[in-house]
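give the three-dimensional model of this entry:
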Amino acid sequence: MSRFCTHCGARLDDNARFCTSCGKMIESLPEQPQIQQPEIQQPQTPEQPVWTQPVPVNTGAWQQPVDPNPTQWTGPQQPVDPNTTQWTGPAPTLDPNQPTGDPNWNPDPPEQPPQWPPESYPGNPGQPQGGRTISKGALIGILCGVLALIGVLVAIPLLLNRVPTLDLNKYYQVTFNGNDGYGNAEIKFDSEKLLKDYEKKFSTPEKAHEFVSFAQYMPSLSKTYELKNDETVTLQWDMSEEDLKFWKKYYGVEIQWKDKEIKVAGLTPIGTFDAFASVDVSFEGNDGSGRVRVDQKDDEYYYYLSFDCDSYDGLSNGDTVTVTCRYEEAYMAQELGKVPEAATKQYTVEGLGEIKEINPFDHINIRYEGVSPELTAYVEFNEDAPQELKDAVYIDNSYIYDLKNGDEITIEVKSWSDDAEIAQYYGIKVTEWSKTYTVEAEQEYVTKLADIDDSTLERLKKIADQAIQEEADDEYGDEITMVDHSYIGLYLMTPKNDDMYYTQQNYLYVLYKIDITSKNGGAGTYYYYLGFENLIKNRTDGEITFREDYYNTPSSSVRAGEVYLSGYDSLDTFRQSAIEYNSDSYNYETNVK
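The predicted structure follows:
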């Protein structure tokens, strides 16, 4: 490493013990580390005059040399005082016309010449002895200034090309509203402030407005509803590096952001109220089949609440029912700021009436129309039947036809409700649901000769006598004379098959024998009848009723001389024509011997 004389500043050989310039003894000095100066590209600047150390010339006047690299003294050698390092030559003079480039340049010579050489610029053996010296601190200051100037010159183009940075977090605010536990969070974007701050920093104002139009949708919240005080939500950004590069290139702005945790605060505490003050609970019906009524009041909570019960019917006094209040807690908390303090409440059943037991058949009447075996039964509630019974049940088979006395019929009552519902809604208990009856109508067709009592027989004979006499008067004329007519008996015909429909449910022949004589002295006998149909017997008093004006007479005839008379010439002929002819459909009974 180079060495320099501490007295005159001349360069020394590495092993020199005396300075070859000033002759002074060289003290051993520690080697100084060599300072590596960075190579810096100097920017182009206008040429400035360079200050250099004045050098004495033969004329004795100071000349200002212009050396762009003044690292060595180039003036003539001057004698050096071995006891001093100061310049001992004649006082330098300055040329007032010499440009210096220094605004503080004084053309007058300095009172003392500058020291040489400066510590950072040691001299060399070929330079004059003595000269101006520069301190290390001054040299460092000069170097720092040069570096600062270089930094400024380098930074200018960088600053000119610098892309503005937009910190998005400054323009977003998170607000909270609602009630504690059900609060909502909202992101508010200050687009006006962003435009005010950055509209002119974007590549164009139009692009600034374009960016603002969708910037409000950039961030999101980790949670936006059902919030409670003191919990934390995060304002988060969903942007990729590709997005940022595109925006920087397209908008001319570098976007910055940072996820931010925000503590929820300011939510209103939730209040409570008695929801069951909004409902009336009552009981009705009868013990064992009571029912509950839950009637909601039309108050401020009407549209927010609903109520139901765990058991609506089949209740008895002393039972417990639970009424439940239904509501949307979050919605109600947000809308009203309060929720029910309790969702259920128990009520004790009381005030139910007693159940009445009713047998429907104690209040049913069977009315028959027609005559047995052609009866129709009409079943109906009588006038004293309780109304609740008639409301609760109905008669299933209220119309039954083709009945005869002695038949059995089953009457049933039915209901659209079960026993519990009947008890609940009608307060009764039905003790019997069906009952069998034997048909016992008042009227029935005569089915045996024993039903024809003596009074009825006399009435029949009387009608027959009159009819026979009228027949004789009409048909005999002068040729025939009726000597006598006598009642000989009855034939009763009844249907064989109960399932068939018969026009005549019975047919009664009242049979007579008639004796006649003719004008020419002849005599004879024939048989005549009157036929009555559908004789009815009243079961209460046994009275027989029939149509007395409606009867049949023989369709066959017998010849008496020149006259033909209605009748039969013998009993056998009558039997064949009237009885046996209908034997397939009818049974018969007779008392004729």
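
residue 579 should be in a helix, yeah?
Yes - under DSSP: H, G, I helix; E, B strand; the rest coil, residue 579 sits within a helix.

paired strands for the helix or strand where residue 307 lies, with orientation please.
Element membership for residue 307, per DSSP states H and E: strand 306-309. Strand 306-309 pairs in its sheet with strand 320-326 (antiparallel), by DSSP bridges.

buried ones in the helix or strand that the strand it pairs with is followed by?
Toward the C-terminus, strand 320-326 is succeeded by helix 329-336 as the next helix or strand (DSSP H and E). Neighbour-count burial for helix 329-336 flags 332-334 (criterion: 16 or more other CB atoms under 10 Å). Quick note: C-beta positions are derived from backbone N, CA and C, even for glycine.

with pLDDT added, can I get the residues you listed in TSV?
As requested, the buried residues of helix 329-336 are exported to TSV (pLDDT from 0 to 100):
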residue	pLDDT
332	90
333	87
334	83
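
the stretch 401-550 of the chain: strands as residue ranges?
Ranges of strands in the stretch 401-550 of the chain, per DSSP state E, counting those that start in this stretch, are 408-414, 428-430, 434-438, 443-445, 480-495, 507-518, 523-533, 536-538, 544-545.

ignore what I typed, I meant the stretch 251-400 of the chain.
With strands called from DSSP E, counting those that start in this stretch, the stretch 251-400 of the chain shows them at 254-256, 260-263, 271-273, 279-284, 291-296, 306-309, 320-326, 338-340, 344-348, 356-358, 364-371, 374-381, 394-395, 399-403.

dump those strands into a markdown table; add mean neighbour count as well.
Output for these, formatted as a markdown table (neighbours: other CB atoms under 10 Å):
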| stretch | mean neighbour count |
| --- | --- |
| strand 254-256 | 15 |
| strand 260-263 | 13 |
| strand 271-273 | 12 |
| strand 279-284 | 15 |
| strand 291-296 | 16 |
| strand 306-309 | 14 |
| strand 320-326 | 15 |
| strand 338-340 | 20 |
| strand 344-348 | 13 |
| strand 356-358 | 15 |
| strand 364-371 | 16 |
| strand 374-381 | 18 |
| strand 394-395 | 16 |
| strand 399-403 | 15 |
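
could you dump those strands to TSV with mean pLDDT and distance to residue 412?
Below are the strands of the stretch 251-400 of the chain laid out as TSV (pLDDT from 0 to 100; distance: least, CB to CB, whole Å):
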stretch	mean pLDDT	distance to residue 412
strand 254-256	85	89
strand 260-263	93	77
strand 271-273	93	55
strand 279-284	94	30
strand 291-296	94	27
strand 306-309	95	35
strand 320-326	96	35
strand 338-340	93	51
strand 344-348	96	39
strand 356-358	92	16
strand 364-371	92	11
strand 374-381	93	10
strand 394-395	94	7
strand 399-403	89	11
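
who wins for proximity to residue 191 among these?
Between residue 191 and the strands of the stretch 251-400 of the chain, the shortest gap by CB to CB is with strand 254-256, which sits at 15.2 Å.

sheet partners, orientation included, of the closest one?
Sheet partners assigned to strand 254-256 using DSSP bridges are listed as strand 165-167 (parallel).

residue 210 versus the residue nearest in space to the middle of the chain, what's the distance?
In the chain, the residue lying closest to the centroid (CA atoms, centre = their mean) is residue 328, at 11.8 Å. Taking CB to CB, to the nearest Å as the measure, residue 328 falls 42 Å from residue 210.

could you do residue 485 as well?
Computed as CB to CB, the residue 485 to residue 210 distance reads 136 Å.

again with residue 140
53 Å.

before we move on, back to that, show me which of the buried residues of helix 329-336 is closest to residue 453.
Nearest to residue 453 among those: residue 332, at 91.0 Å, using CB to CB.

can you tell me which residues contact the closest one?
When contacts are counted by CB atoms under 8 Å, 6 or more residues apart in numbering, residue 332 is found next to 304, 338-339.

between residue 140 and residue 210, which is the more surrounded one?
For residue 140 versus residue 210, neighbours defined as other CB atoms under 10 Å are more numerous around residue 210 (14 against 11).

which residues does the closest residue in space to residue 403 that isn't next to it in sequence bridge with?
Once flanking residues are discounted, residue 403 sits nearest to residue 375: 3.9 Å by CB to CB, 6 or more residues apart in numbering. Beta bridges link residue 375 to residue 370, residue 403, judged by DSSP bridges.

next up, the contacts around residue 375.
368-369, 401-405, 439, 441.

which among those residues gets closest to residue 415?
Nearest to residue 415 among the contacts of residue 375, with distances taken as CB to CB, is residue 401, at 25.1 Å.

quick check: that closest one touching residue 376?
Yes - here residue 401 reaches residue 376: they are 4.3 Å apart, a contact under CB atoms under 8 Å.

quick check: can you list the domain ranges of this structure?
Domain assignment for the chain, taken from automatic domain parsing, gives 1-28+113-158, 165-263, 271-348, 356-441, 445-590.
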